[in-house]
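Colleague: Predicted model and sequence below, questions to follow.
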Amino acid sequence: MEAALHARDKVGVQDFVLLEDFKSVTAFVENLKKRFQENLIYTYIGPVLISVNPYKSINIYNDSVIETYRNVNFYELPPHIYAVSDAAYRAMRREFHDQCVLISGESGSGKTEASKKILHYIATCNHQESNEIDRVKDRLLQSNPILEAFGNAKTNRNDNSSRFGKYMDVQFDFKGTPVGGVILNYLLEKSRVVKQATGERNFHIFYQLVEGASPEMRNALGISDDVTKYHYLNQGIQAADPSTINDKEDFATVCQALKTCDFSAEDQKDLFSVVAFVLLHGELTFNEDKENNATIALESLSAISNLVECEDSQLASALTNKSIMAEGVKVTSPLNLEQASYARDAFAKGVYERLFGWLVNKINRSLAKEKQQTKTRVLGLLDIYGFEIFDTNSFEQFCINYCNEKLQQLFITLTLKSEQDEYLNEGIEWEPVQYFNNKIICDLVDSKPTGIISILDEECLRPGATSDETFLEKLSSRLGGHPHFLSHASADVADRKNIKRHEFQLLHYAGEVTYSTEGFLDKNNDLLYRDLKELMLSTKNPITKQCFPDTELKNMKRPDTAGTQFKISLGQLMDILLSKQPSYIRCIKPNDNKQSNVFVNQIVRHQVKYLGLMENLRVRRAGFAYRRHYDNFLHRYKSLCPETWPFYKGPTKDGVSALCRHLQYTEEDYKMGRSKIFIRFPRVLFATEDALQLRKHDLATEIQAKFRGFFQQKAYQKMRSSVTRIAATWKMYCAKKIMCTRRDAARTIRRFINGFIQRKKPLCHENEMYVNHARYKFVLHLLDNLPNSVLDKSWPTCPDILQQASDDLRELNMRNIVRSYCIGLTTEKKTQLEQKVVAERLFKNKKSSYDQSIAVPFEDSRLSKKRITKTVKLTTEDILYSCMVTKYDRNGYRQRQRCLVITTESAYVLNEKNFKVKERISFNCLKGISTSALKDAVFILHVDSTQNNAKTKGDFVLSSDFLYEAIVKLVIAVQNDEILHIVSERCTHRMSSGKEGSVEFNTGAKSLVTRSKNKMLVVGIISC
């Protein structure tokens, strides 16, 4: 703990006894806030642990953390609930004295979670394994989900608020192994069964059963899956938060826990039947007969009566009649509507309360030791409701706050006793402590015959007309002068404004609480009509028969009131706690909205007050703020004194005395006990701790210097020895390596010379090295001089012996270049090349101007296809190509500009201006295509007149600048290479009159196309 003192400005002090301003509530709360903001939720007041609910998961509860705190001194590690658990567990084993852990705090402060963490620690820290041990561990842990389901509920302050007090004894054998357990429950808030405030819920089990049960189970129990349908569940349903409560999953967990705790399938069926029986009572409605008596329809009772196996008529009679025994005679009288409704709700509350008691007893039987042992030790856990102050405080809050008064009285008494015992054992003079003794308040509540509980019982039992008003009048008359009691009748004019006529006020140790007396007498009487008890005796459900024994009807003595029963059970609890050595956990909630990282000073300050933490701190700080055993204190601070550093050989007490003298402690600063040193002021400890932090830097420097010197000396000696050994080894290695290298070099040179001499012989052992070298050099040379184009025909010269390999490589290289070229071709380029291949096949070495056309790429079309299709209506044909041509008339060979369009089926000749069709040549009618071998651009389309339309007037003589392109496109469309004819001098063609015309091709001084005197078309080409 002392190790964290140097960071106290940031995270506060871990133990409030070291708080300098220990009388200031503001300083107390501020220290809690500092630690809370750093996720440090635990703080000590001496041996008392304060826990602030973080409302979020913090990774400080895993098995590794448990091992860290296991068997470690209480103050050696930071505050933790595991430290309290381990200290209590080890004290039980070491001192053979029963222990108990008292957990208290307001609703929502984390009491239930704290008890779970302690149980988890007890189950985990014990490493012994056997079937019996595992059985007890499992049932200890699994009892929690069951009790939470039946005894916890959602309130406006807490989603899992315990609505009953629980004390659990965990029994251990001499080895410290858990072997059994016993649970005691106190004051179940049964009024919640029939009524809940806005935003709150009934006990969890009702919602879990409705939402989590299977359809078959719900049908068997006669319930639906809608909680809003039930009067006992929907009164505060507006604020139910499904994000924090998953009833369906929780129900599965409860069923598994019941199975672990020895509840058979039949037990579970009977248990849930009783729960449904209570739930469905809220749906019962009564009618009024002519005599103003309550009646109920038998049809509405069949589903309910089946759950506990009783007659419908018996249930109806018990709910609408009241019987009393007068001198051995049973007298029955009917109930009115109001009385019947009261009886129904009282019945539901009574059945559920007894069911809860049966459940606790059943769990206790499952936790009981299977083998009787001679001696066991006990570690008790008390998880009980904290002090409650609501807007309206009733009988339940009165009992809860009375319980907290008794616990506070016990806490102060045991704390003072513990302090006195420690001072006495150490031989330190005890200084009396002034503190508020709340015995006066406890006597005000439970003393006889003037205590509030006694007056309440008197009013409940006396004959005549009694009411809550008469009870309050009696309180005012008897207790009006008590300093801690105030009512409207006994208050002065100023105080009467704050106290209503039906209220009284008690000044508790935690502050003033105003109680409403409405319902006090009914809740204290806590009676069930005889008819309802007789009904339960007649049922066949095993649980209800056990909850309502027949001895209860035979005993004519009036049972104790609820207040007296609670006072008796609380007294028994105090006796149990006094017989054990206590540890304390005080739980605090940082805000009312269950928000993480939110710390509201006013809310925390109020809890600090009513938990009596300042009283506890004042008692702890009455004498000395800090105490430690001599060996622990000397071990930590011995480096601050030259006389004790590094080792002190004498008694540790003498060493501590020498250390205190060196630190210049005054007589007022400390006292020497028999085994401990007591330091009065925190500032003295802080100064000592700060000096230690500074000293650590000097010690670290000294240790580093010594270690570095020693390390360097050893390293130098090792390095010097290593250098000598490495040098000798290296010289020997280098000499051997040079010798081997020279020997291998001589052999290689000899083989190389022999190989050169015999290089022209077939490959053999003598010339193998030289030939391989020649190959290697050739391949390297070839790598840098490979052709990189299909057109590049060069190839490096190779040695004669590698000629075959060179030829193979040359062929492979060319294939690779060609393959790479082909892979890189696009679809358009491929089509272009295919057309060029066709052109080569048609014109190479046949037409003199072909070589000049090779470099000119072909186009898909020379004219706009969109414009053509607007004029020419093509239904089944697609345009493949179009270009401008010159057409020579058949009569006179006059030149006309036309458009040639090639489709998939025909060739069209269009007017160049309006693209109207002048001629259509079907490919079926196309006999051939003629052109000359010269460089001219004239070609003739020969048409079969027998197959073509009658409109065709002969063959077509055309001229185009794109002759090769047009002919290739036409040949590809016709899919017949043989249709093209290349003539040398003259070509005939058919004219319109059936006559033949002639086109003569020749060379001359200039290029021209003209008509000769003999009416032939002459095409002249410039001679080269």
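Modeller: The structure has been received and is ready for your questions.
Colleague: Distance check, the spatially closest residue to Ser104 that is not a sequence neighbour against Gly1004.
Modeller: In space, and not counting its chain neighbours, Ser104 is closest to Gly386: 5.6 Å by C-beta to C-beta, 6 or more residues apart in numbering. No exception for glycine: its C-beta is placed from N, CA and C like everyone else's. From Gly386 over to Gly1004 the distance is 127 Å, taken as C-beta to C-beta, to the nearest Å.
Colleague: These two: which has the busier surroundings?
Modeller: Remark: of Gly386 and Gly1004, Gly386 carries more neighbours, 26 against 11, as counted by other C-beta atoms under 10 Å.
Colleague: from memory Asp468 sits against Arg501, does it?
Modeller: No: between Asp468 and Arg501 there is no contact under C-beta atoms under 8 Å: 10.9 Å.
Colleague: Comparing these two, which shows the higher neighbour count?
Modeller: Counting neighbours by other C-beta under 10 Å for Asp468 and for Arg501 shows that Asp468 has the greater number, 17 against 11.
Colleague: got a list of what the closest residue to the more buried one other than its chain neighbours touches?
Modeller: Excluding its sequence neighbours, the residue lying closest to Asp468 (C-beta to C-beta, 6+ apart) is Thr517, at 4.4 Å. Applying C-beta atoms under 8 Å, 6 or more residues apart in numbering, one finds that Thr517 lies in contact with 468-469, 471-472, 502-504.
Colleague: So which of these sit within strands?
Modeller: Applying DSSP state E to those, the entries found in strands are 503-504.
Colleague: Torsion angles phi and psi at Thr869?
Modeller: Main-chain torsions, Thr869, degrees, to the nearest 10: phi -70, psi -20.
Colleague: So for it, what's the nearest residue that isn't a sequence neighbour?
Modeller: Counting by C-beta to C-beta, 6+ apart, the residue nearest Thr869 is Ile879, at 7.1 Å.
Colleague: if we can go back for a sec, hang on, the residue nearest to Ser104 in a strand?
Modeller: No: with DSSP: H, G, I helix; E, B strand; the rest coil as the criterion, Gly386 is located in coil rather than a strand.
Colleague: which element is Gln171 on?
Modeller: According to DSSP states H and E, Gln171 maps onto strand 165-172.
Colleague: May I see the buried residues of that strand?
Modeller: Residues of strand 165-172 classed as buried: 165-172 (neighbour count, 16 or more other C-beta atoms under 10 Å).
Colleague: likewise stretch 173-192?
Modeller: 173, 176-192.
Colleague: Of those, which belong to helices?
Modeller: Residues of the buried residues of stretch 173-192 located in helices (DSSP state H): none.
Colleague: What ranges in the stretch 151-300 of the chain fall below the confidence cut-off?
Modeller: 238-243 (pLDDT under 70).
Colleague: what do you get if the cut-off is 90, keeping everything else the same?
Modeller: Applying pLDDT under 90 to the stretch 151-300 of the chain flags residues 153-200, 220-223, 225-229, 232-247, 260-263, 281-300.
Colleague: residue ranges of the helices in it, please?
Modeller: 204-212, 215-221, 247-260, 265-281 (DSSP state H, counting those that start in this stretch).
Colleague: Could you single out the most deeply buried of those helices?
Modeller: Scoring the helices of the stretch 151-300 of the chain by mean neighbour count under mean count of other C-beta atoms under 10 Å gives helix 204-212 as the most buried, with a mean of 24.
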